[in-house]
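Chemist: A structural model of the following input is requested.
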Amino acid sequence: MKGTVFLGLGLAILLGSTAAVAAPAGYVPPRIKQTPANRPDWTGIWHPAERNIFDPEAFTDPRNKGEVNDAAYIREFPPYNAEWEAKYLGKLADNKAGKPTDPTASCRPGGMPRIMTSPYPMEFMIQADLTVVLHELSSQVRRIFTDGRPHPAADDLDPTYMGHSIGYWEGDTLVVDTVGLVGHTVYDVTAAPHSDQLHLTERIRRISPTQMEDVITVTDPVAFTRPWTVHRHYDLKSDWQIREYVCEDNNRNPILPDGTTGLLLKAP
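Modeler: Okay, here's the model as predicted:
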């Protein structure tokens, strides 16, 4: 595998409040300890099988009317209410006009759930009470606690890019619940926004010797009228390795004082 390269672009940062979403009332995951005897084998490097739109079905959705497969022309179809659909339409209009909308363009982390859709590999480390996901993108690390702990109380839940993830095992399926996410990240390169009340559940399992599946259900009481479920897949790359990713060392499109982007002929 060749080393990955990030060409930074400009952006308009989406502003969101910092209030954390409350943990589901009374939710405590069951504790099913993983031992070497019953631990699933997820050894290897896994790479997204679909492109970097959160819902892969957007590329074939007839409502996109044959638009080219480019973020400037294609869109997602989240179950937004009228207010948030208008916000998304504004971002789509900016995309088509060439105005920067993607927060990761300034080397900010994509966060959850976007990092599960970005075109960079990841690696799972399964322990008895913890599953760690090592992402190449921005060298981010995700920790999924499977020791039976609940989410922190709302007053103690500090919003972060990756959120707070707890889970349990149903056979070889890892069931994950994530809260405490910041509200200024977006789902993907189309800049589909979400609120700081985002709540994620996932069912992650290996469905073949060479493929993993992640069924992600999103609820957002501020932005959505109903839950949104997408299916993502990851291909095993047995001869790959996770590389170090430092966006700031290769940001060739710095943001200028007027909010536009400049172009450097050489990396800084």
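Chemist: Could you say whether Thr104 sits in a helix, a strand or coil?
Modeler: Three-state call for Thr104 (DSSP: H, G, I helix; E, B strand; the rest coil): helix.
Chemist: what separates Ile216 from Val175, distance-wise?
Modeler: Using C-beta to C-beta, to the nearest Å, Ile216 is found at 12 Å from Val175. Using the backbone N, CA and C atoms, a C-beta is placed for each residue, glycine as well.
Chemist: hey, what's in contact with both of these two?
Modeler: Common neighbours of Ile216 and Val175, counting by C-beta atoms under 8 Å, 6 or more residues apart in numbering, are Thr201, Glu202.
Chemist: all strands in the protein, in order from the N-terminus.
Modeler: Listed in chain order, the strands of the chain (DSSP state E) span 45-48, 122-126, 130-135, 141-145, 164-170, 173-179, 199-208, 211-219, 228-237.
Chemist: Let me know which of those strands is the nearest to Lys65.
Modeler: strand 228-237 (21.0 Å; C-beta to C-beta).
Chemist: Make sure Phe145 is actually in contact with Leu174.
Modeler: No. The criterion here is C-beta atoms under 8 Å, and Phe145 misses it with Leu174 at 11.5 Å.
Chemist: circling back: quick one: the strands of the chain as TSV, columns for distance to Val186, mean neighbour count and mean pLDDT too.
Modeler: Below are these laid out as TSV (distance: least, C-beta to C-beta, whole Å; neighbours: other C-beta atoms under 10 Å; pLDDT from 0 to 100):
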stretch	distance to Val186	mean neighbour count	mean pLDDT
strand 45-48	17	20	97
strand 122-126	19	18	96
strand 130-135	17	18	96
strand 141-145	18	17	96
strand 164-170	19	21	95
strand 173-179	16	22	96
strand 199-208	14	18	96
strand 211-219	13	18	97
strand 228-237	14	18	97
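Chemist: Distance to Ile115 added to those strands, as a markdown table?
Modeler: Shown next, in a markdown table, are the strands of the chain (distance: least, C-beta to C-beta, whole Å):
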| stretch | distance to Ile115 |
| --- | --- |
| strand 45-48 | 10 |
| strand 122-126 | 8 |
| strand 130-135 | 6 |
| strand 141-145 | 7 |
| strand 164-170 | 12 |
| strand 173-179 | 11 |
| strand 199-208 | 12 |
| strand 211-219 | 11 |
| strand 228-237 | 11 |
